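*Asks:* Here is my input; please provide its structure:
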Amino acid sequence: MAGNKNSMFFLDLGFAQNSTTRMQALQVRKARGASPNIAGEGVSAAAKFIVLCEQEHGIPRKAFRELIVEALRSHNQQGEREYFLKHEAVFNDWLYGNRATPTWVMQIVAEVMFGMLRDNSTTAKLKKIIVRTLPQVIEEIAGGQELLAWIVGAHGRMLKTQEDKSLG
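*Replies:* This is a model prediction of the structure:
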């Protein structure tokens, strides 16, 4: 998208609540059928999850697109929202690996996944897939396994330092 938008942060402010129910209720046109090239090698875990939801769980990928648009609107990212709506191919490019999935999109998908886990209409099978896939999405958001491990470790060390200062 225009500029470096990896600095956008999308904390669930409601757009991800009851994600499964809401996506299933959206009146979006289902895709004509996924190409064999969709969600292949080099595609983000978030994009693979979106395609899997469409192929195996009846949640159209366009429903994820609608939640992304809603997240952009709810976070006052009007310019990005308009760009995204005008250039529908951008979304498909992420799913086909023609364009890298931006960090902020992976963050939105992670929030949607958390929303799906809390949704009673999410099947047990889909919840298992989410529990298996969500750590991969979070790892990609953090910049990889090593960086995520460092961030978690550094946060623990920081908390320990703060505890030591309050005791001493």
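
*Asks:* How many neighbouring residues does Gly115 have?
*Replies:* Neighbourhood size, Gly115 [other Cβ atoms under 10 Å]: 23. From N, CA and C alone the C-beta is placed, and that goes for glycine too.

*Asks:* Name the helix or strand for it, please.
*Replies:* According to DSSP states H and E, Gly115 maps onto helix 103-117.

*Asks:* From the contact counts, what lies against that helix?
*Replies:* Secondary-structure packing of helix 103-117 (3 or more Cβ pairs under 8 Å, 6 or more residues apart in numbering; DSSP states H and E): helix 19-25, helix 45-57, helix 61-74, helix 124-142.

*Asks:* Try it again at 6 Å.
*Replies:* Judged by 3 or more Cβ pairs under 6 Å, 6 or more residues apart in numbering; DSSP states H and E, the packing partners of helix 103-117 are helix 19-25, helix 61-74, helix 124-142.

*Asks:* quick one: buried residues of it?
*Replies:* Buried residues in helix 103-117, defined by neighbour count with 16 or more other Cβ atoms under 10 Å: 103-116.

*Asks:* Same check on stretch 42-60?
*Replies:* Residues of stretch 42-60 classed as buried: 43-54, 57, 59-60 (neighbour count, 16+ other Cβ under 10 Å).

*Asks:* what's the answer for stretch 145-159, then?
*Replies:* Leu148.

*Asks:* Stretch 130-142 now?
*Replies:* Buried residues in stretch 130-142, counting neighbours by 16+ other Cβ under 10 Å, are found at 130, 133-134, 136-137, 139-142.

*Asks:* Can I get the helix holding Gly115 in CSV? Just the C-alpha atoms.
*Replies:* Extracted in CSV, the C-alpha atoms of helix 103-117 (Å, rounded to 0.1, in the frame of the first residue of the first chain):
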residue,chain,number,x,y,z
THR,A,103,2.5,-6.6,8.9
TRP,A,104,-0.7,-4.6,9.7
VAL,A,105,-2.8,-7.1,7.7
MET,A,106,-1.3,-10.0,9.5
GLN,A,107,-2.1,-8.2,12.8
ILE,A,108,-5.8,-7.7,11.7
VAL,A,109,-6.0,-11.4,10.8
ALA,A,110,-4.5,-12.4,14.2
GLU,A,111,-7.2,-10.3,15.9
VAL,A,112,-9.9,-11.9,13.8
MET,A,113,-8.5,-15.3,14.8
PHE,A,114,-8.7,-14.3,18.5
GLY,A,115,-12.3,-13.2,17.8
MET,A,116,-13.0,-16.6,16.1
LEU,A,117,-11.7,-18.5,19.1
